[in-house]
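*Asks:* below is the structure, and that's it, no one-letter string:
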Ligand SMILES: Nc1ncnc2c1ncn2[C@@H]1O[C@H](COP(=O)(O)OP(=O)(O)O)[C@@H](O)[C@H]1O
Ligand SMILES: O=P(O)(O)OC[C@H]1O[C@](O)(COP(=O)(O)O)[C@@H](O)[C@@H]1O
Ligand SMILES: [Mg+2]
């Protein structure tokens, strides 16, 4: 049913967003639809930063991090007038639907726009994996692999100096990156917002394993805990081990996407176009039981996601 669709990226960039944009564009063209790119998230919709897309517009981007459409946060879209202006703009350009690649904030905008008669499909694009309706978000795998590689390097210097390295990873309020990366790098402890932690117990464990000859340590802390410097200072004070903090920061958001991110981004982009083709909007595409599916946006936003508690048990039983 849809004849002309738009695609935008919104919120924090994530590796694999380009693969998703490419899939949306090519799948739509293959179905005889017109496609436009909307630059800088909802800002581009309001400001008319619209580009016509053809197959070549998305050439040579599947392997690139970041987003060729740029991304932004758009405060104006949080109020009704902003969304109304966006819907009017869509009608002016003749858009029959939009694919919104972003996080939960972006999906709220997509729900509002859908309610005003513009069918929108949300694709989960964020390194944090903090979107409840999906087991997996585009960018998560690449970010975890980047963090793992960086921490492997940090381990070299921690080992050489008999130090403890406390490494802060991203994740906003979630600890999914932290627990998985912590397990992958063999950290002694992982501290996340989801789980209570006991610094005395962590320090006691360090002192115990020092007796078996261990002289360097890795502690992974999720940014959402908000106490990386304080934890670093306390570990040094309590154990006597020289301790350094490293905040990995935006390095985790960049870089060429992994196979997993490219494949899932492509599958999700393709699925989004299949929905819009049928005139279906107000849905988020996600992964459930390892399969691509779609769900109502409001329902998606009201879901909760279990934390990976079992990984803690494995970490604690293997890191000593
Ligand atoms: N409650 C909301 N209603 C409408 N639009 C919203 C809402 N929250 C966020 N947005 C839009 O989505 C954009 C991205 O949201 P943000 O939370 O920053 O990132 P993310 O989508 O990655 O979670 C915001 O800048 C705004 O334009
Ligand atoms: O780049 P900024 O604006 O400092 O935002 C940092 C935040 O963005 C992220 O990298 C990604 O979050 P979103 O995808 O929700 O934007 C978080 O891990 C981090 O807390
Ligand atoms: Mg978010």
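*Replies:* Structure received. All of these numbers come straight from a predicted model, not from anything done at the bench. Ligands and ions are numbered 1, 2, ... in the order given.
*Asks:* find the nearest non-adjacent residue to residue 14, please.
*Replies:* residue 139 (2.6 Å; C-beta to C-beta, 6 or more residues apart in numbering). For glycine as for every other residue, the C-beta is placed from the backbone atoms N, C-alpha and C.
*Asks:* what residues does the chain have near ligand 2?
*Replies:* Contact residues, the chain versus ligand 2 (C-beta under 6 Å from any ligand atom): 11-12, 103, 126-128, 170-172, 223, 253.
*Asks:* at 5 Å instead, please
*Replies:* Residues of the chain found near ligand 2 (C-beta under 5 Å from any ligand atom) are 11-12, 103, 126, 128, 170, 172.
*Asks:* so is residue 219 in a helix, a strand, or just coil?
*Replies:* strand (DSSP: H, G, I helix; E, B strand; the rest coil).
*Asks:* kindly report the same for residue 194.
*Replies:* When classified by three-state DSSP, residue 194 comes out as coil.
*Asks:* tell me how far it lies from residue 145.
*Replies:* 22 Å (C-beta to C-beta, to the nearest Å).
*Asks:* before we move on, back to that, possible to save the residues of the chain next to ligand 2 as JSON lines with neighbour count and pLDDT?
*Replies:* Formatted as JSON lines, the residues of the chain next to ligand 2 follow (neighbours: other C-beta atoms under 10 Å; pLDDT from 0 to 100):
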{"residue": "11", "neighbour count": "21", "pLDDT": "95"}
{"residue": "12", "neighbour count": "22", "pLDDT": "96"}
{"residue": "103", "neighbour count": "22", "pLDDT": "95"}
{"residue": "126", "neighbour count": "28", "pLDDT": "97"}
{"residue": "128", "neighbour count": "26", "pLDDT": "97"}
{"residue": "170", "neighbour count": "23", "pLDDT": "98"}
{"residue": "172", "neighbour count": "16", "pLDDT": "97"}
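*Asks:* just give me the closest of those to residue 50.
*Replies:* When the residues of the chain next to ligand 2 are compared for distance to residue 50 (C-beta to C-beta), residue 11 wins out at 19.5 Å.
*Asks:* which residues are in contact with the residue nearest to residue 14?
*Replies:* Residues in contact with residue 139, defined by C-beta atoms under 8 Å, 6 or more residues apart in numbering, are 13-17, 125-127, 253, 257, 261.
*Asks:* how about a cut-off of 10 Å?
*Replies:* By C-beta atoms under 10 Å, 6 or more residues apart in numbering, residue 139 lies in contact with 12-17, 20, 65, 101, 124-129, 252-253, 257-258, 261, 264-265.
*Asks:* I'd say residue 308 and residue 181 touch.
*Replies:* No. Contact criterion C-beta atoms under 10 Å: residue 308 and residue 181 do not qualify, at 11.8 Å.
*Asks:* which one of those two has more residues nearby?
*Replies:* Under the criterion of other C-beta atoms under 10 Å, the comparison of residue 308 against residue 181 puts residue 181 first, with 27 against 17.
*Asks:* secondary structure element holding the closest residue in space to that one that isn't next to it in sequence?
*Replies:* Excluding the flanking residues, the one nearest residue 181 by C-beta to C-beta, 6+ apart is residue 147, at 4.6 Å. Using DSSP states H and E, the element containing residue 147 is helix 140-161.
*Asks:* what's that helix packed up against?
*Replies:* For helix 140-161, the elements it packs on are strand 164-169, helix 176-185, strand 217-222, strand 243-247, helix 259-277, judged by 3 or more C-beta pairs under 10 Å, 6 or more residues apart in numbering; DSSP states H and E.
*Asks:* of the residues of the chain next to ligand 2, list those near ligand 1.
*Replies:* Applying C-beta under 5 Å from any ligand atom, the subset of those adjacent to ligand 1 comprises 11, 103.
*Asks:* who are the contact partners of the residue in the stretch 201-320 of the chain positioned nearest to ligand 2?
*Replies:* Using C-beta to the nearest ligand atom, residue 253 is the residue of the stretch 201-320 of the chain that sits closest to ligand 2, at 5.3 Å. Contacts here follow C-beta under 10 Å, 6+ apart; on that basis residue 253 touches 12-15, 65-66, 126-127, 139, 142-143, 146, 170.
*Asks:* care to break the chain down by domain?
*Replies:* According to automatic domain parsing, the chain comprises the domains 4-139+257-302, 143-252.
*Asks:* right, and the ones you listed - which one's nearest residue 317?
*Replies:* Comparing the domains of the chain against residue 317 with C-beta to C-beta, the closest turns out to be domain 143-252 (11.2 Å).
*Asks:* backbone phi and psi for the residue of the chain found nearest ligand 2, please?
*Replies:* Nearest to ligand 2, among the residues of the chain, is residue 12, at 2.6 Å (C-beta to the nearest ligand atom). Per-residue torsions, residue 12: phi -70, psi 140 (degrees, to the nearest 10).
*Asks:* how much space is there between it and residue 243?
*Replies:* Remark: distance between residue 12 and residue 243 (C-beta to C-beta) = 29 Å.
*Asks:* try residue 152
*Replies:* Separation of residue 152 from residue 243 (C-beta to C-beta) stands at 19 Å.
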